[in-house]
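Student: Sharing a sequence plus its predicted fold:
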Amino acid sequence: MLIEKPAQGSSFANLPDAAVDEIFALNHAYIADAHPKKVNLGIGVYRTAEGKPWPLSSVQKIEEQLSRENDAARHEYLPIEGDTVFTKAARDLMFGFSLDAETPAEKAAKQRIASVQTVAGTGANHIGAAFLAHHYKPKHVWVSTPTWANHHTIWDLQGIERKGYPYFNAETCAFDFENAIATLEAEAEEGDVILLHACAHNPTGVDPTKEQWKAIAELCQRKHIFPFFDSAYQGFASGSLEEDAWAVQYFFNMEPRMEMCVAQSFSKNFGLYGHRTGAFHLITNGSNPAEVGLIEKNLCHIIRGEYSMGPKFGSTIVKRVLADPTLRAQWHDDLAVMSSRLIQMRQALYQELLRLKTPGTWEHIVNQIGMFSYTGLTPGQILAMKEEFHIYLLKSGRISISGLSPTNFAYVAQSIDNVVRRGL
Ligand SMILES: Cc1ncc(COP(=O)(O)O)c(C=O)c1O
């Protein structure tokens, strides 16, 4: 005889609603849109003038090499810390060490750095936040207002209280240096962490000047605030790897030495988005040489418990390109191709808005750098861009410049002109 059991209440009935990631949701909406003129200015991925993804020519060379080699060990596990040839090359690129020969000064400087491979830049941000939450225990993490939305999620998941420092001045469309410094000066406490975008600030496309960086570094040093750099666009912003790492290297070389860390992504500058390629570097002040090994062991402990190790394919590509001077030069050319196309598209959109005499000022589109521009469009205008013109951009007004092409920039400019004139 069948005995009916009383229905149990669900264990998850009181699950809180979780925020949907705006960028990926927008991308889905764009894909589902059948309109012939649709434009995707949401997700931050590089696209060619034809609107296509672009495997970098230097990356393709290694893919061909790997395919020819047909190595039976290509699917083996990496060590927990990752491929150390890759993490060392990643470190050298970030901190400006020679990739070919090492000077004695470089050798000594490298001994301050603990490095592990991560699941791209997001994973590096996460491992860094998890390590600091466990072993440094900051009271607060300071993030720019606005910042990449995932910074909020990553730090909230670690249970560290988040505070915002002003970053964007909507009137001048520039970095709000005075208010940022004043807020941090008045409210940041010793032992807090500050999240800094190494270059090409996402979402605003506005970076501090070198003089402003120096003032931020001085403040961190004086107030004992721990700098956490997020470097997702090295070489992609200005086209120069050195220029885009200037702030990181300035902080690193300061005396007295500061402890700091860097989350490094190769998603954009190698076009390896889905291959999840990145590194995390924690920099000691050098006072205890044994510390670096211990930090790496603790980072590995977290990595092992979470996902064992990073993926192999992307790191193999990056290490091989960086090891070969000819391929490295080809990669530099690839970076120049991408960054110059973005600069051209900024100019094209700006010039078209000027030609249309669109009300407002638009210089910020050409003054901002990197992949994004913070347009200043209002929520009503952004909604109309999507609903009426099938142009997809974030609610903050951020556009990904790489979604612009020679065939669609005029349509985008006309649409902006239309929604702005209607004063939505
Ligand atoms: C500021 C910032 N940090 C980190 C990332 C990490 O990207 P990924 O995890 O794809 O390397 C991104 C990508 O959009 C970013 O814009």
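Tutor: Looks like it arrived, so ask away. Numbers count the residues shown, from 1 in each chain.

Student: Could you look up the SS state of the closest residue to E106 other than its chain neighbours?
Tutor: Once flanking residues are discounted, E106 sits nearest to F97: 4.7 Å by Cβ to Cβ, 6 or more residues apart in numbering. (Glycine included, C-beta is placed from N, CA and C.) Recorded secondary structure, F97: coil (DSSP: H, G, I helix; E, B strand; the rest coil).

Student: got the buried residues for stretch 43-52?
Tutor: I43, G44, V45, Y46, R47 (16 or more other Cβ atoms under 10 Å).

Student: ok, so of these, who is nearest the ligand?
Tutor: Nearest to the ligand, judged by Cβ to the nearest ligand atom, of the buried residues of stretch 43-52 is G44 at 4.7 Å.

Student: I'd say that closest one and S373 touch.
Tutor: No: in this structure, G44 is not within contact of S373 by Cβ atoms under 8 Å, at 11.5 Å.

Student: give the contact list for M94.
Tutor: S231, Q234, A245, V248, V262, Q264, A279, H281 (Cβ atoms under 8 Å, 6 or more residues apart in numbering).

Student: Can you add secondary structure and distance to A174 and give the buried residues of stretch 43-52 back as TSV?
Tutor: Listed next are the buried residues of stretch 43-52 as TSV, based on DSSP: H, G, I helix; E, B strand; the rest coil; distance: Cβ to Cβ, whole Å:
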residue	secondary structure	distance to A174
I43	coil	25
G44	coil	21
V45	coil	26
Y46	coil	26
R47	coil	27
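
Student: filter those residues by proximity to the ligand?
Tutor: Checked against the ligand using Cβ under 6 Å from any ligand atom, the buried residues of stretch 43-52 yield the following neighbours: G44.

Student: from the buried residues of stretch 43-52, which is closest to L241?
Tutor: The shortest approach to L241 among those belongs to Y46, at 16.5 Å (Cβ to Cβ).

Student: how about the strands of this protein, start to end?
Tutor: All strands of the chain, identified by DSSP state E, fall at 39-40, 113-119, 140-145, 161-166, 168-169, 174-175, 193-197, 226-231, 260-265, 277-283, 372-374, 391-392, 398-400.

Student: Against which helices or strands is the third one packed?
Tutor: Other elements packing on strand 140-145 under the criterion 3 or more Cβ pairs under 8 Å, 6 or more residues apart in numbering; DSSP states H and E are helix 149-157, strand 161-166, strand 193-197.

Student: Over to the last one?
Tutor: Applying 3+ Cβ pairs under 8 Å, 6+ apart, one finds that strand 398-400 makes contact with strand 372-374.

Student: Go through stretch 382-399 and flag the buried ones.
Tutor: Those would be 382, 384-386, 389-394, 396-399, for stretch 382-399 by 16+ other Cβ under 10 Å.

Student: Now do it, average pLDDT.
Tutor: Mean pLDDT, computed over stretch 382-399, is 95.

Student: Residues in contact with it: which ones?
Tutor: Taking Cβ under 8 Å, 6+ apart as the rule, stretch 382-399 contacts 22-23, 26-27, 29-30, 33, 35, 37-42, 146, 202-204, 372-379, 400, 411-412, 415-416, 418-419, 422, 424.

Student: and if we set it to 7 Å?
Tutor: 22-23, 26, 29-30, 33, 35, 37-42, 146, 203, 372-377, 379, 412, 415, 419, 424 (Cβ atoms under 7 Å, 6 or more residues apart in numbering).

Student: Would you mind listing which of these are buried?
Tutor: 23, 26, 30, 38-42, 146, 203, 372-377, 412, 415, 419.

Student: can you list the domains in this structure?
Tutor: The chain is divided into the following domains under automatic domain parsing: 22-52+342-421, 77-323.

Student: Below-threshold pLDDT in this protein: ranges please.
Tutor: The chain contains residues with pLDDT under 70 at 1-7.

Student: show me the biggest helix of it in terms of residues.
Tutor: When the chain is parsed with DSSP state H, its longest helix is helix 325-355.

Student: Could you check how many residues crowd around the closest residue to H224 other than its chain neighbours?
Tutor: Leaving aside its chain neighbours, H224 sits nearest to E190 (4.4 Å; criterion: Cβ to Cβ, 6+ apart). E190: 10 surrounding residues under other Cβ atoms under 10 Å.

Student: Hmm, E190 is touching C220, no?
Tutor: No: applying Cβ atoms under 7 Å, one finds E190 not in contact with C220, separated by 10.8 Å.

Student: who's in contact with N169?
Tutor: Here N169 is in contact with D176 (Cβ under 7 Å, 6+ apart).

Student: one more time with 10 Å, if that's ok
Tutor: F175, D176, F177, E178, N179, A180, T204, V206 (Cβ atoms under 10 Å, 6 or more residues apart in numbering).

Student: Okay, and the beta partners of it?
Tutor: A174 (DSSP bridges).

Student: G397 versus that one, what's the distance?
Tutor: 14 Å (Cβ to Cβ, to the nearest Å).

Student: residues near the nearest residue to E81 once chain neighbours are set aside, how many?
Tutor: Excluding its sequence neighbours, the residue lying closest to E81 (Cβ to Cβ, 6+ apart) is V116, at 4.9 Å. Neighbours of V116 under the rule other Cβ under 10 Å: 29.
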